[in-house]
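Colleague: Pasting a predicted model and its sequence here:
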Amino acid sequence: MNPKVGITVIVIVLTSFLMCQSDVPNRALLERQKFVQDSILQVEAMALFFAEERKKKEDAWVNQAFQKLDKNARLGQLFMVGAYPPKGSSDEKKVLDAIDKHKIGGIIFFRGYEDRIAALTNKYQARSSMPLMMAMDAEWGTNMRVSAAVKFPRQLLMGAIQNNALIYDFGAAVAAECKAMGIHVNFAPVVDVNNNPANPVIGDRSFGENRENVTAKSFQYIKGLQDNDVMACAKHFPGHGDTDVDSHKDLPVIRHSMERLDSIELYPFKNLAQQGVQSVMVAHLHIPALDSTPNLPITLSKPAVTGLLKEKLGFKGLIFTDALNMKGVTKHFKDGETDLKALLAGNDILLVPQDIPMAKKRIYEAIEKGLITWEEINGRVRKILHAKYNLGLHSYKPVNARNVASRLNVQENKALKQEMVSQALTLVDHAAIFPLGKQKIACITVGTSRKGTAFTKELSRYGIKHHHYANSSVSANRIKQLAKKEVVIVAVHNIGKDAKNNFGVASGIQRAVQNLSAKTKVLVVVFGTPYALKNFQTAQGAVVAFNEEILTQKLAARAIAGALPFRGRLPVSASTKFQYGMGKDTEVQKMMYASSPESVGLSSSILSRIDRIAAEMIREKAAPGCQVLVAKDGKIAFHRTYGHYDYQKRKRVKLENIYDLASVTKVAATTLSIMRLVDEGKLDINQPLSLYLPELRGTNKSSMTIKEVLLHQAGLKPWIPFYTRTLDKNKRPIMGRYYSTKSSKKYSIRVAENLYFAQSKVDSVIWQRIYNQDLRSSKNYKYSDLGFYLFSRLIKKVSGKNLDDYTNEMFYRPMGLTTMMFNPLKKGVARDLIIPTEDDQYFRYQRIQGDVHDMGAGMINGISGHAGLFSNAQDLAAIFQMLINGGEYGGKRYLKKSTIQQFTAKYSNDSRRGLGFDRKEKSSKANSSINVAYQASDLTFGHQGFTGIGAWADPENKIVYLFLSNRTLPSGENMTLIRRDIRSRMQEVVYESILK
């Protein structure tokens with residue numbers, strides 16, 4: 001532990017000890033007060049001792065290092081040269097020559113490969129007699145220079161984040177990236193207050209236009225770096241935010257008064273200088289209020305660097321010039337002259353000098369002329385050496401240059417990035433558009449010719465499926481069509497950074513938004529700079545997503561759909577309508593995605609073992625593909641697809657694909673409905689089913705209770721193959737008597753494509769056979785579908801609605817579950833989105849895709865209490881999460897907690913079952929279970945489905961596990977999925993991934 005930190009902890013503990021003694025007698029309390037005060041004095045003395053000892057060691061090393069430097073080497077310490085690894089051996093030779101001949105003090109690395117940079121830092125350090133200070137310009141992380149690192153957001157996005165702790169975490173993450181390559185200095189953060197939308201060089205590199213926000217976030221970034229032993233650098237002194245010229249190309253001029261500069265531009269530098277930033281970079285700007293010398297950049301101005309930064313602001317850290325090869329400084333001064341003037345101005349390190357021999361010559365001449373003394377130069381050299389000591393260069397060790405990418409592209413950084421983007425998404429809602437709820441919505445994507453963006457695909461997964469596309473203009477006919485919707489989302493892509501070009505927004509798009517917003521509510525989504533909002537003054541609402549990345553597009557879609565909260569604030573003003581600080585917080589309406597498995601206590605590396613089990617499943621033909629979803633603590637932590645629709649691999653499984661849930665219908669539709677009716681006082685499960693269904697009176701089923709049926713202890717037989725009575729001797733459907741190839745009033749029940757069942761036959765073929773079916777001799781546990789057929793009639797009788805309408809009205813629609821439904825083909829779902837279940841060779845003689853797989857359910861219009869429900873994993877997860885939540889979801893209550901507990905509890909020693917729900921059953925073998933992962937808690941409940949479905953909720957561990965497959969393709973007789981225990985083995989991995 002850092003001695004300073006340890007001592008602070010001791011002081012806090014002692015003070016807390018004293019404060020807790022209020023009930024101690026006065027004399028004893030006085031004695032304890034004295035003891036604590038004496039202890040604190042001793043601790044402070046220890047702190048002083050440690051600080052002095054460290055200072056002695058530091059001074060000794062600096063003195064020893066300084067003595068080794070001749071005058072040429074001392075001057076060399078003032079130079080930091082540029083390294084460009086992609087240029088290969090020629091650049092390497094230049095750097096080695098600079099080390100050998102000029103004894104340079106440091107190197108700044110530009111773009112390259114991470115392993116190569118790490119190898120070169122080792123090589124250059126080994127070549128130098130004095131440890132080199134290695135630097136990188138990594139403002140938004142090292143991905144700015146090496147592609148293998150996680151691409152963190154730019155600073156303007158960070159400016160929208162309210163939780164500044166994330167900025168600290170970002171700084172710490174960047175520090176780790178730097179150290180992985182042997183980098184000691186990060187030329188970041190940009191602390192410029194960007195108050196000019198036309199600024200061509202700062203823009204999204206700044207945290208925004210508000211000086212307090214810029215300063216606070218800069219401090220957290222700096223602290224994150226420096227707490228982790230990487231030097232931060234506040235730039236570009238005295239403030240580059242209000243320029244309209246790029247200093248890489250010319251010398252910008254800022255004509256503000258000193259009063260204005262002190263109030264805005266200098267504000268972050270003044271504060272950060274006092275808060276411990278270790279270095280500052282001086283900008284190539286001409287500011288007459290600071291130095292009126294014509295064409296003189298501040299970099300070369302002694303009144304600015306020494307007079308203002310060092311003396312007035314009291315900055316004691318290292319001072320770097322901005323790169324001396326930039327036109328902002330080279331345009332008016334020659335090689336060597338710039339270096340000398342920068343040194344005379346008060347800078348400590350000359351960055352990217354163009355001609356070191358000439359620079360040294362000019363410096364020697366200046367010394368002879370008395371313009372600068374060796375004493376001044378020696379002071380700066382010692383200052384640099386002290387900085388090197390504090391960066392650990394007194395005990396330098398080479399870095400591991402192998403597989404550096406694995407230390408840059410880490411899961412923690414990906415999760416942090418996702419959290420940062422999520423927290424930055426900013427909603428400005430002027431017309432109460434949110435929550436979107438049941439409003440009729442369409443989306444038009446503009447600014448790109450590409451159809452099917454990540455944004456629109458993600459919106460589709462949440463039920464916003466009416467998509468239109470336009471590039472630079474929208475036709476009047478299209479506007480008329482869109483205006484029929486209650487909300488139109490306008491997704492604006494390919495936004496530029498040039499204010500003069502309206503940030504790339506075509507005039508045709510501006511007119512389209514004007515016309516649309518006059519007719520309906522318009523929500524503009526800007527995938528780029530918030531300054532582009534100035535083009536959409538008439539829009540009733542806006543979302544700023546800051547960039548075009550796929551992750552950002554997905555997260556923006558989730559936030560709009562209610563699966564993420566909006567938390568951001570505009571970091572800049574775009575117009576009088578869209579002002580700095582605007583932003584509306586929203587609450588989550590749907591299940592959120594975790595930023596990473598680790599964020600909810602699961603190991604992503606262990607979860608990846610599911611990939612191997614899925615590969616085995618496909619290889620062994622247990623199922624051609626599947627969706628797997630894991631939620632923990634209410635957030636989706638793992639959601640992947642594997643394989644294809646079939647073994648011919650015609651189409652890959654995607655997250656939006658819909659599966660036939662088979663018997664999971666029993667819990668996700670039927671049991672939920674019964675629970676709701678119980679909550680409403682309309683149903684008593686202890687009563688005979690015949691109390692509600694008079695048609696059962698006088699049959700052998702007149703006395704069986706609803707509870708017995710739910711427990712599968714009503715004496716019912718497992719199932720009846722109803723369809724076989726409708727086949728001829730060749731096992732083909734009997735046409736005319738039972739079926740037709742065309743839909744009509746008589747043949748109105750679709751069983752499959754070109755196969756329609758006669759409505760008049762349903763009673764005799766289905767219901768009468770159930771009523772008259774013999775019971776088993778006992779009421780011990782025996783799983784049965786038959787009672788759940790009857791439950792669909794029960795729910796209609798009690799609620800007045802069929803099972804489809806009732807579940808949709810009570811659960812699916814208000815929960816926003818757009819893929820959960822009966823009869824998806826009838827409801828307009830494209831057949832190609834639905835996973836096929838079987839190549840039927842015994843009844844329907846076709847591939848079943850979109851029609852219910854269960855034969856009996858198909859013969860009663862696809863809506864039954866035992867089968868018929870379709871869904872994707874995401875919507876099914878919402879149902880089970882609602883149950884884990886005790887009946888609440890998205891801020892609304894759907895069921896009573898007590899009812900859920902009642903239905904998911906175990907009821908008898910004869911079976912593991914709850915009421916409708918299946919539950920965990922332990923095996924006699926150690927570390928084994930019959931139906932779920934053996935590690936799952938005894939409270940775990942759920943159900944499985946014949947088509948290859950597994951759906952389980954563990955309230956104790958707060959885990960939802962879903963496995964959706966079509967193991968029945970091509971044949972339902974394929975039991976490989978069951979024999980290989982694929983579902984439970986994947987679930988076991990989930991429990992193994994729980995971080996202890």
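Modeller: That came through, no problem. Residues are numbered from 1 along each chain as shown.
Colleague: so what's Cys626 bridging to?
Modeller: Beta-bridge partners for Cys626, by DSSP bridges, are Tyr642, Ser965.
Colleague: From Cys443, how far out is it?
Modeller: Applying Cβ to Cβ, to the nearest Å, the value for Cys626 to Cys443 is 29 Å. Using the backbone N, CA and C atoms, a C-beta is placed for each residue, glycine as well.
Colleague: neighbour-wise, which of these two wins?
Modeller: Cys626 (31 against 26; other Cβ atoms under 10 Å).
Colleague: list the contacts for that one?
Modeller: Cys626 makes contact with Ala614, Met617, Thr641, Tyr642, Gly643, Val653, Gly948, Phe963, Leu964, Ser965 under the criterion Cβ atoms under 8 Å, 6 or more residues apart in numbering.
Colleague: Tell me how many other residues crowd the second one.
Modeller: By the other Cβ under 10 Å criterion, the neighbourhood of Met617 contains 27 residues.
Colleague: The strand or helix carrying it: which residues count as buried?
Modeller: Assigned by DSSP states H and E, Met617 falls within helix 609-619. Burial within helix 609-619, assessed by neighbour count using 16 or more other Cβ atoms under 10 Å, is assigned to Arg609, Ile610, Ile613, Ala614, Met617, Ile618.
Colleague: Skipping adjacent residues, who's closest to the first one in space?
Modeller: By the measure of Cβ to Cβ, 6 or more residues apart in numbering, the closest residue to Arg609 outside its immediate chain neighbours is Val989, 4.8 Å from it.
Colleague: ok but that neighbour is inside a helix, no?
Modeller: Yes - counting by DSSP: H, G, I helix; E, B strand; the rest coil, Val989 is part of a helix.
Colleague: Per-residue confidence, it, what does it come out as?
Modeller: As predicted, Val989 sits at a pLDDT of 98.
Colleague: Ignoring the adjacent residues along the chain, who's closest to the residue sitting nearest the centre point of the chain?
Modeller: Nearest to the mean C-alpha position of the chain, by Cα atoms, centre = their mean, lies Gln418 at 2.9 Å. With sequence-adjacent residues excluded and distances taken as Cβ to Cβ, 6+ apart, Gln418 is closest to Ser595, at 4.3 Å.
Colleague: same question for stretch 807-815, mean pLDDT?
Modeller: 96.
Colleague: neighbouring contacts of that stretch?
Modeller: For stretch 807-815, the surrounding residues in contact (Cβ under 8 Å, 6+ apart) are 438, 590, 669, 672-673, 676, 801, 817, 820-821, 875, 878-879, 882, 889-890, 892, 894.
Colleague: I'd like to know which of those are part of helices.
Modeller: Leu672, Ser673, Arg676, Asp875, Ala878, Ile879, Met882 (DSSP state H).
Colleague: of those residues, buried ones?
Modeller: Leu672, Ser673, Arg676, Asp875, Ala878, Ile879, Met882.
Colleague: what about the helices in the stretch 451-600 of the chain?
Modeller: 454-461, 476-482, 507-517, 550-561 (DSSP state H, counting those that start in this stretch).
Colleague: of all the ones you listed, which lies closest to Gly379?
Modeller: helix 550-561 (48.0 Å; Cβ to Cβ).
Colleague: Measure how the closest one sits relative to helix 454-461, angle-wise.
Modeller: Here the directions of helix 550-561 and helix 454-461 differ by 40 degrees (axes from the mean of the first three to the mean of the last three Cα atoms, to 10 degrees).
Colleague: Could you grab the helix/strand/coil label for Cys443?
Modeller: Going by three-state DSSP: Cys443 is strand.
Colleague: Touching, Tyr692 and Val798? I think so.
Modeller: Yes - applying Cβ atoms under 8 Å as the test, Tyr692 and Val798 come out as touching, 5.9 Å apart.
Colleague: Between the two, which contacts overlap?
Modeller: Leu683.
Colleague: For the longest helix seen in the chain, what is the distance to the chain centroid?
Modeller: Longest helix of the chain, by residue count under DSSP H: helix 26-67. How far helix 26-67 lies from its chain's middle: 45 Å, per Cα atoms, centre = their mean, to the nearest Å.
Colleague: same deal with stretch 587-595?
Modeller: That offset, for stretch 587-595, works out to 11 Å (Cα atoms, centre = their mean).
Colleague: Alright, that wraps it up for me.
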